Each structure stands twice: as structure tokens, then as C-alpha cells.
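Novice: sequence first, then the predicted structure:
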Amino acid sequence: MDKLKKNIGFQLPVILCIILILILIILPTGYEDSIIYQGTDRCSAKVLKTDESEIISTGLIKSGEQTCQIELLGGKFEGTITQGYNLLNGSLESDKIFEVGDRALVVISYQEDKILSVNMIDHYRIGYEIVLLILFAIALIAFARVIGIRSLLSFAISILSIWKILVPLCLKGYDPVVIGLMLVCMIAVVILSLVYGFDKRFLSAFSGVLLGILITCVLGIFFTSLFKIHGAIMANSESLLYSGYQNLNLTRIFMSSIFIGASGAVIDIAVDITSAIAEVVQKKPEIEWKEASKSGFNIGRAAMGTMTTTLLLAYSGGYLALLMVFMAQGTPIANILNYKYVAGEIIQTVVGCFGLVAVAPFTAVIGGWLLTRDQLTGSVTINEVPSSEELLT
């Protein structure tokens with residue numbers, strides 16, 4: 001009976017997560033029927049011929065229009081051979097050049113059964129992306145087995161929650177900070193329940209996560225205002241305003257991105273410390289809570305030493321080209337540190353590290369207290385995670 005209860009408690013979060021994933025998949029965002037895509041069809045197409053005669057090349061920059069003869073590989077006009085047009089704007093970031101044999105994603109404007117024009121959006125990459133995700137899933141499951149499957153569930157819920165909840169609600173004008181906090185807490189509940197089930201380890205880790213996220217949120221809001229950072233420093237934020245969303249508060253969106261970006265590391269630290277304390281208590285049931293908490297402190301110090309660097313590398317890695325520009329132009333350090341987009345990155349990195357510094361000791365104290373509470377009554381403190389064989393029996 002105890003074994004059955006343990007398995008049910010461990011499997012219940014999986015069932016709830018699968019239900020949540022199905023709900024999120026069918027949940028409409030409200031932005032599916034964009035006016036600019038009405039009366040169009042989209043599919044992949046194979047490039048048969050190319051014509052670069054209308055392209056003007058000026059060194060690295062190319063502008064004009066590339067014309068391609070393409071075969072449509074799906075949709076309403078599958079099998080049709082027609083002309084596709086690839087408009088070049090003189091931007092290395094967004095422009096692309098197609099070659100014979102390439103597959104492209106195209107948007108077809110049509111009227112009844114007549115094709116009006118075919119716009120070549122970009123190279124078709126969905127197939128390769130699916131292969132990459134499958135390889136990742138196979139590697140994760142092969143190494144982590146049951147926990148790997150649970151990790152994939154949390155991965156799916158995180159992506160769907162951001163796309164189906166966070167983004168639409170922010171577009172509709174809801175406060176990004178409030179929505180972000182609610183979303184991060186929901187994702188934390190999902191991840192921690194999949195790792196632990198609903199037991200004292202869950203409460204310990206979630207308490208630490210909640211404190212770390214709240215501290216990161218408060219400090220992010222404070223220093224963003226103090227540094228006078230405008231949310232327009234985020235990539236593509238101005239394009240969002242020009243798309244008809246001038247009333248959005250970009251600065252609040254930036255504030256929410258600070259603690260959302262740090263939440264993964266915060267959850268990781270909380271889980272590491274909680275799991276370590278749980279293991280110590282399991283091996284030594286008579287341990288006092290102060291001693292268990294001390295073990296959590298020691299583990300937290302070691303984890304913070306690497307996790308803060310992880311945050312730094314995660315945030316700064318995307319700005320390698322910018323750093324090279326500063327170096328190549330001999331930009332003084334004082335100038336670099338005063339640029340608002342650099343200051344924004346400093347806020348994200350340092351404030352995120354503040355969250356880690358807060359979550360580690362708090363989780364150690366709460367974990368040590370919670371996970372040793374049953375020793376006075378002689379009852380079992382921790383439910384072990386069932387093995388693959390136990391889950392199948």
C-alpha cells in the first residue's frame with residue numbers, strides 16, 4: 001500500500017502536466033488570424049532556377065530582388081511550378097540568397113485558383129529543427145530515463161506557457177511584471193512537482209525559488225528605474241511599437257525579462273540544495289536541522305560559484321559581436337559602461353546573481369528545517385524517487 005501511494009504521488013504531476021500541455025496546445029492566443037496573412041497560403045518550395053540580374057551588390061551589402069523558379073511542395077497549389085521573389089533590403093542580418101536545390105518557406109497570395117505572387121520568406125528549416133529536438137529528447141531520455149521524460153514535459157510546458165499565455169497577455173496590455181511572476185511561479189510548480197512530486201522537498205525548493213524570484217523582480221524594477229533604462233533596448237522592441245502596439249510599456253516588459261531570464265538558474269540552485277539536504281537526511285535520519293542546513297549552505301556556496309558565471313556567460317554570449325565592435329573602435333570603458341544597452345545587460349546579470357545569492361541560504365534553512373521535522377516522531381521524512389522498475393510494477 002505504501003509503495004502504491006508513493007507511485008501515485010510521483011505519477012500525479014505527470015498526469016496533470018499532460019493535461020496542461022493538451023490545454024495549452026488547443027488554447028487560442030487570439031492572434032491566429034492576422035489580417036496581413038489572410039488570403040494567403042504557406043508551404044515549402046524547392047528552388048529550381050535562380051536569377052540575380054536585379055541584385056545590386058556593393059561589397060558585403062546586396063539589395064534589389066532575386067527571382068527564383070520554384071516548385072511548391074505543399075498546400076493548395078502543391079506541385080505547381082511558379083516564380084518566387086526574394087526581396088533584399090541590404091541587411092546581412094535579415095537578407096538571404098537562395099541557390100538551386102534549396103528549400104524555402106514561401107507565402108502565396110492568391111485569388112480563387114490563381115496565384116498572384118509568391119514571397120520567399122527564408123530557408124526552410126523546420127525539418128532540421130525537428131530532427132535536432134528528437135536527438136535531444138533521445139539523448140536526455142537515454143541518460144536520465146524517467147526523469148528525462150519528466151524534463152521534456154516541463155520543457156514543453158515552459159515553451160507553451162510563454163507562447164500561449166505570457167506573450168498574448170502582454171500584447172493585450174496586461175502588466176508584464178505581474179503576468180511574468182505568475183508564469184514563473186506556475187512553471188516552478190510544474191518543474192518541482194515533476195522532480196519531487198508533492199512532498200516536503202517540493203515545499204523547500206519552491207520556498208527558495210519564490211524568494212529568489214521576488215528579490216530579483218524588486219531589484220530589477222528598482223535598478224531599471226535608477227539607471228533610467230528604456231525597454232527599447234530589447235531587440236525588435238521598436239518593430240513591436242510600429243506594428244500597432246504603441247501603448248505597450250516596453251520598460252515593464254524589460255523588467256519582467258530580468259527575473260524570467262534568471263528563473264531557470266534560481267530553480268536549479270533550489271533543486272540542487274534541496275536534493276542534497278534530502279540525501280543527507282535520508283542517509284543520516286538522526287541529523288539535527290541546523291547541521292542539515294549547514295550542509296545546504298556549503299553546497300550552495302559551491303553551486304553559486306559556478307551559477308553566477310553561468311548567468312554572465314549566458315547573457316554576454318549574445319553580445320560577442322558588439323564587444324568586438326567596441327574593441328575594434330577603441331571605445332573607452334567609461335563610454336561602454338554608460339551605454340544604456342550595456343547597462344541593461346549589467347542589470348540583468350548582476351540582479352540575476354542577487355537572486356541566486358538569496359535563494360541558496362534561504363533554501364538551505366527551510367530545507368534543513370522541513371526535511372528533518374519528522375525525526376522527532378520517528379516517521380519517514382522523505383519519499384524516495386521510484387526507479388524505472390518500481391514505476392512499471
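Specialist: Sure thing, it's come through. Numbers count the residues shown, from 1 in each chain.
Novice: from now on I want contacts and neighbour counts done on CA atoms only, so please keep to that.
Specialist: OK.
Novice: what strand or helix carries Ile115?
Specialist: Taking DSSP states H and E as the criterion, Ile115 maps to strand 114-123.
Novice: what is the mean pLDDT for the next helix or strand after that strand?
Specialist: Downstream of strand 114-123, the next assigned helix or strand under DSSP H and E is helix 126-144. For helix 126-144, mean pLDDT is 93.
Novice: tell me which other helices or strands helix 126-144 touches.
Specialist: On a contact count with 3 or more CA pairs under 8 Å, 6 or more residues apart in numbering; DSSP states H and E, helix 126-144 meets helix 146-161.
Novice: kindly export the strand holding Ile115 (C-alpha atoms) in CSV.
Specialist: Written as CSV, here are the backbone C-alpha positions of strand 114-123 (Å, rounded to 0.1, in the frame of the first residue of the first chain):
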residue,chain,number,x,y,z
LYS,A,114,-5.0,31.9,-59.4
ILE,A,115,-1.6,32.7,-57.8
LEU,A,116,-1.0,36.4,-57.5
SER,A,117,2.5,36.4,-56.1
VAL,A,118,4.9,34.2,-54.1
ASN,A,119,7.1,35.8,-51.4
MET,A,120,10.1,33.7,-50.4
ILE,A,121,10.3,34.2,-46.6
ASP,A,122,13.5,32.2,-45.7
HIS,A,123,15.2,28.9,-46.0
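Novice: for the record, mean pLDDT for that strand?
Specialist: Averaging pLDDT along strand 114-123 gives 93.
Novice: which residues sit against that strand?
Specialist: For strand 114-123, contacts defined as CA atoms under 8 Å, 6 or more residues apart in numbering pick out 83-86, 96, 98, 102-110.
Novice: list of residues touching stretch 26-45?
Specialist: With CA under 8 Å, 6+ apart as the contact definition, stretch 26-45 has outside contacts at 70-76, 103-111, 124, 164-165, 168.
Novice: scratch that, stretch 229-248 is what I was asking about
Specialist: By CA under 8 Å, 6+ apart, stretch 229-248 touches Leu171, Gly173, Asn249, Leu250, Thr251, Arg252, Ile253, Phe254, Lys340, Tyr341, Ala343, Gly344.
Novice: between those residues, which is nearest Leu311?
Specialist: Nearest to Leu311, judged by CA to CA, of the contacts of stretch 229-248 is Gly344 at 14.1 Å.
Novice: for the chain, which segments count as helices?
Specialist: Taking DSSP state H as the test, the helices found in the chain are 2-26, 126-144, 146-161, 167-171, 176-196, 200-226, 237-242, 250-283, 289-316, 320-329, 333-338, 340-371, 388-392.
Novice: quick check: which of these is nearest to Glu52?
Specialist: Nearest to Glu52, of the helices of the chain and by CA to CA, is helix 126-144 at 26.1 Å.
Novice: span of stretch 150-169 from start to end?
Specialist: Counting by CA to CA, to the nearest Å, you get 27 Å between the two ends of stretch 150-169.
Novice: what's it in contact with?
Specialist: Contacts of stretch 150-169 (CA under 8 Å, 6+ apart): 14, 17-18, 20-21, 24-25, 27-31, 137, 176, 179-180, 183, 187, 190-191, 194-195.
Novice: poorly predicted segments of this protein, please.
Specialist: Where the chain drops to pLDDT under 70, the residues are 1-10, 34-36, 374-393.
Novice: wouldn't Cys185 be in contact with Leu210 here?
Specialist: Yes. With contact defined as CA atoms under 8 Å, Cys185 reaches Leu210; the gap is 7.1 Å.
Novice: filter the contacts of strand 114-123 down to the buried ones and hand me the ChimeraX line.
Specialist: In ChimeraX, this line selects whichever of the contacts of strand 114-123 come out buried by 16 or more other CA atoms under 10 Å:
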select :83,84,85,86,96,98,103,104,105,106,107,108,109,110
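Novice: nearest to Phe206 among the contacts of strand 114-123?
Specialist: For the contacts of strand 114-123, the minimum distance to Phe206 (CA to CA) is 42.9 Å, reached by Leu105.
Novice: which one of Cys185 and Leu210 is surrounded by more residues?
Specialist: Leu210 (21 against 17; other CA atoms under 10 Å).
Novice: which one of the helices of the chain lies closest to Ile61?
Specialist: helix 320-329 (17.9 Å).
Novice: kindly export the closest one (C-alpha atoms) in CSV.
Specialist: This file holds the C-alpha atoms of helix 320-329, laid out as CSV (Å, rounded to 0.1, in the frame of the first residue of the first chain):
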residue,chain,number,x,y,z
LEU,A,320,30.1,38.9,-28.6
ALA,A,321,29.9,40.9,-31.9
LEU,A,322,29.1,44.1,-30.1
LEU,A,323,32.1,43.6,-27.7
MET,A,324,34.3,43.1,-30.8
VAL,A,325,33.0,46.4,-32.3
PHE,A,326,33.9,48.2,-29.1
MET,A,327,37.3,46.7,-29.1
ALA,A,328,37.9,47.4,-32.8
GLN,A,329,36.9,51.0,-32.4
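Novice: fine by me, we can end here.
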